[in-house]
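Chemist: sharing a model that was predicted from the sequence below.
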Amino acid sequence: MSEPQRQHPLLILFDTARGLRSYLGMALVLAISLPGDLFGGFVGNLIVISLAIVGVSLLYSVMRWYFYHYSYEEGLVHIREGVLFKRERSITWERVQSINVFSNILQQAFGLSTLQIKTAGVNVDAEVNLRALSKEEVENIRRNLNKAMPRPDEMMEVPRGMRFLQGRDLWLAGVTSGRFMILFSVIALIYSQLYEYIPQDLMDWVVEGLSHMSLLLWVLLIAGMLLVSWALSTVTFAIQYARFTVNRFEDRLEISWGVIKRNHVTVRLHRLQALVIHQGLLRQPLGLCTLLVEVAGGGSKEKERVSILHPLVRRAELEAFLHDILPEYSMPGSMTPLPRRSLRRYLFRAMMPAALAASAMAAAGWYFGLPHLWTSFLLLVPAALLARSRHANGSSSVEGMQLSLRFRGYSLYHVLIGRSHVQSLTLKANPFQRLAGLRSLSASLLSSPAGRSYSLKDLEASEAQAIRDWYSRSE
């Protein structure tokens, strides 16, 4: 085992700076509460209290850094920490669920990275969180933990499959990502923070100017803001997922991406619970999709990082991608569609909320003398189209040891689940479904502390029972 080591001393400054943000409000309250003549008034009080908080926080950070040690050997990481109450724990290779590496722009400037180790049976985001390691040290720890079976004669492990996202495909993924609202979110955030400081005269001038704009100018303004927001979201996406790479090894996937914040995630294959093929509204006509994976045992923050398997794959290349990266899953040869008689249930679920909303708007228009609000009943048209699309895309399939479910919310989803990864499979039927010979199916996975389930409504009763029999049969 290596000698016990401490993290980089810059961790002291990182921890101190991070703690000061949470203590700023307390410093302001104490500065106001203290007598005005104690340290020369409010400014003097604030300076003295701030220096005291900085000193205490710095001392605590130094002590925590000094008493935190880590060491490692092949297949094992040992942690010893605690100022007053000591705690020691060892993480063996068999317990490791994922090894994640992140580097923000400040860490990259000093050649440092954050190493997170997630283990089985822990519902927090990471059991081990080393936030100031050199890149060489991170690589040494990862290399030791990845040695499940030592092979001294093997100098380097070669990935079985590799895929990238770069060049034109990276920008195409950004353009079709559907993140239109980023500019409006920024404007709303700035407005909420600066509202109290904006002069009332300026507010009145802006409101008056907007109220006198013609309909054409309003349309041009909104279209221009959407275009700018679209461009910003495209650039943001390209920066976020630049240098995206996914490597398939014998027992794991290694995914890395990012420029400003460099991310590297290791996911053990036995943690993968399902493959999700997601097609947004912009990507469906172009035959593009995003590949997601459901991962067992992750906390909420970690789950966001490891859920994307690849941001952009062409549907025509999906079989080849799975063959190279995830041969454990395959696209079904055929799927059973929903029965035609279930269409009316889809129409009812989609059109009833739209009809109620349109009725309320029409009633309000009649009451307030706004006759044009009756046009809100036109909302029934897109609601009906959405219902027909949901019914047309709903389908299921069982092939070998794999269950496939396809359904639509606004986006289109195709979920591939291995039989051994289904935690529970439930069939439901209300009285109306029983009369129509329909069932709703729900498959639950162990993909987070709270679990995750995928549902398909109004299947043929015989098809739903066949899926239930497939799941229930003995090996």
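Modeler: Perfect, I can see it now. Bear in mind that the values here come from a model prediction, so they are computed numbers and not experimental data. Residues are numbered from 1 along each chain as shown.
Chemist: skipping adjacent residues, who's closest to Ile53 in space?
Modeler: In space, Ile53 comes closest to Tyr23 once its chain neighbours are excluded; the distance is 5.0 Å by Cβ to Cβ, 6 or more residues apart in numbering. C-beta: built from backbone N, CA, C; applies to glycine.
Chemist: what about the strand or helix carrying that neighbour, average pLDDT?
Modeler: Using DSSP states H and E, Tyr23 falls within helix 10-33. Across helix 10-33, pLDDT averages out at 78.
Chemist: before we move on, what about stretch 88-96?
Modeler: Confidence over stretch 88-96 (mean pLDDT, whole number) is 82.
Chemist: mind listing what's buried along that stretch?
Modeler: Going by neighbour count (16 or more other Cβ atoms under 10 Å), the buried part of stretch 88-96 is Ile91, Val96.
Chemist: and that stretch, end to end?
Modeler: For stretch 88-96, the separation between the terminal residues is 17 Å (Cα to Cα, to the nearest Å).
Chemist: rewinding a little: just how off-centre is whatever helix or strand comes next after the helix holding Tyr23 within its chain?
Modeler: Elements were assigned by DSSP H and E; along the chain past helix 10-33, the next helix or strand is helix 42-66. From the chain centre to the centre of helix 42-66 is a distance of 36 Å (Cα atoms, centre = their mean, to the nearest Å).
Chemist: does anything pack onto helix 42-66? Which helices or strands?
Modeler: In terms of contact count using 3 or more Cβ pairs under 8 Å, 6 or more residues apart in numbering; DSSP states H and E, helix 42-66 is assigned the packing partners helix 10-33.
Chemist: so the helix it packs on versus helix 42-66, what angle?
Modeler: 150 degrees (axes from the mean of the first three to the mean of the last three Cα atoms, to 10 degrees).
Chemist: could I get the buried residue list for helix 10-33?
Modeler: By neighbour count, and taking 16+ other Cβ under 10 Å as the criterion, the buried residues in helix 10-33 are Leu11, Ile12, Phe14, Asp15, Thr16, Gly19, Tyr23, Ala27, Leu30, Ala31.
Chemist: surely the fourth one touches Trp65?
Modeler: The one in question is Asp15. Yes - under the contact definition of Cβ atoms under 8 Å, Asp15 touches Trp65, with a separation of 7.4 Å.
Chemist: give me the number of residues near the nearest residue to Ala354 once chain neighbours are set aside?
Modeler: Counting by Cβ to Cβ, 6+ apart, the nearest residue to Ala354 once its immediate chain neighbours are dropped is Ala383, at 4.0 Å. Using other Cβ atoms under 10 Å, Ala383 is surrounded by 20 other residues.
Chemist: outside of the strand or helix carrying Leu170 itself, list whatever touches it.
Modeler: Per DSSP H and E, Leu170 falls inside helix 168-175. By Cβ atoms under 8 Å, 6 or more residues apart in numbering, the list of residues contacting helix 168-175 from outside reads 165, 230, 233-238, 241-242, 244, 282, 288, 311-312.
Chemist: and Gly280, how far is that from Arg452?
Modeler: In this structure, Gly280 and Arg452 are separated by 20 Å, where distance is defined by Cβ to Cβ, to the nearest Å.
Chemist: any stretches of the stretch 101-250 of the chain with poor pLDDT?
Modeler: Flagging of the stretch 101-250 of the chain using pLDDT under 70 yields the residue ranges 120-126, 147-156, 181-184, 186, 189-197.
Chemist: could you pull out the helices for it?
Modeler: Listed from the start of the chain, the stretch 101-250 of the chain has helices (DSSP state H, counting those that start in this stretch) covering 105-109, 135-145, 168-175, 182-194, 200-211, 215-240.
Chemist: so for Leu51, which of these sits nearest?
Modeler: Go through the helices of the stretch 101-250 of the chain one by one with Cβ to Cβ and the one that ends up closest to Leu51 is helix 105-109, at 23.8 Å.
Chemist: what's the offset of that closest one from the middle of its chain?
Modeler: Its chain's C-alpha centre lies 23 Å from the corresponding centre of helix 105-109 when counted by Cα atoms, centre = their mean.
Chemist: now do the buried residues in it.
Modeler: Neighbour counts over helix 105-109 (16+ other Cβ under 10 Å) mark Gln107 as buried.
Chemist: just the CA trace of it, in PDB.
Modeler: Included here for helix 105-109 are C-alpha records, laid out as PDB according to Å, rounded to 0.1, in the frame of the first residue of the first chain:
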ATOM      1  CA  ILE A 105     -11.600  25.900 -14.900                       C
ATOM      2  CA  LEU A 106      -9.900  26.800 -11.600                       C
ATOM      3  CA  GLN A 107      -8.700  23.300 -11.000                       C
ATOM      4  CA  GLN A 108      -7.400  23.000 -14.600                       C
ATOM      5  CA  ALA A 109      -5.400  26.200 -14.100                       C
END
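Chemist: related to what we said a few turns ago, which of the buried residues of helix 10-33 sit farthest apart?
Modeler: The farthest-apart pair in those, when distances are taken by Cβ to Cβ, is Leu11 and Ala31, at 29.1 Å.
Chemist: as TSV, the helices of the stretch 101-250 of the chain with distance to Arg390 would be great.
Modeler: Compiled in TSV, the helices of the stretch 101-250 of the chain are given as follows (distance: least, Cβ to Cβ, whole Å):
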stretch	distance to Arg390
helix 105-109	43
helix 135-145	44
helix 168-175	26
helix 182-194	28
helix 200-211	38
helix 215-240	26
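Chemist: quick one, which of those is nearest to Leu338?
Modeler: Closest of the helices of the stretch 101-250 of the chain to Leu338 is helix 168-175, at 31.0 Å (criterion: Cβ to Cβ).
Chemist: so which bits of the closest one are buried?
Modeler: Judged by neighbour count (16+ other Cβ under 10 Å), helix 168-175 contains these buried residues: Asp169, Leu170, Leu172, Ala173, Gly174, Val175.
Chemist: repeat for stretch 421-438
Modeler: Under the neighbour-count rule (16+ other Cβ under 10 Å), stretch 421-438 has His421, Val422, Leu425, Ala429, Gln433, Ala436, Leu438 buried.
Chemist: any idea which of those residues is the one closest to Glu74?
Modeler: Nearest to Glu74 out of the buried residues of stretch 421-438 is His421 (Cβ to Cβ; 30.1 Å).
Chemist: residues contacting that closest one?
Modeler: Here His421 is in contact with Leu272, Gln273, Ala274, Leu445, Leu446 (criterion: Cβ under 8 Å, 6+ apart).
Chemist: again with Lys135
Modeler: Applying Cβ under 8 Å, 6+ apart, we find Lys135 in contact with Gly111, Leu112, Ser113.
Chemist: was I right about the last one contacting Asn100?
Modeler: To tie it back to what came earlier, the one meant is Ser113. No - between Ser113 and Asn100 no contact is recorded; they are 10.2 Å apart, counting by Cβ under 8 Å.
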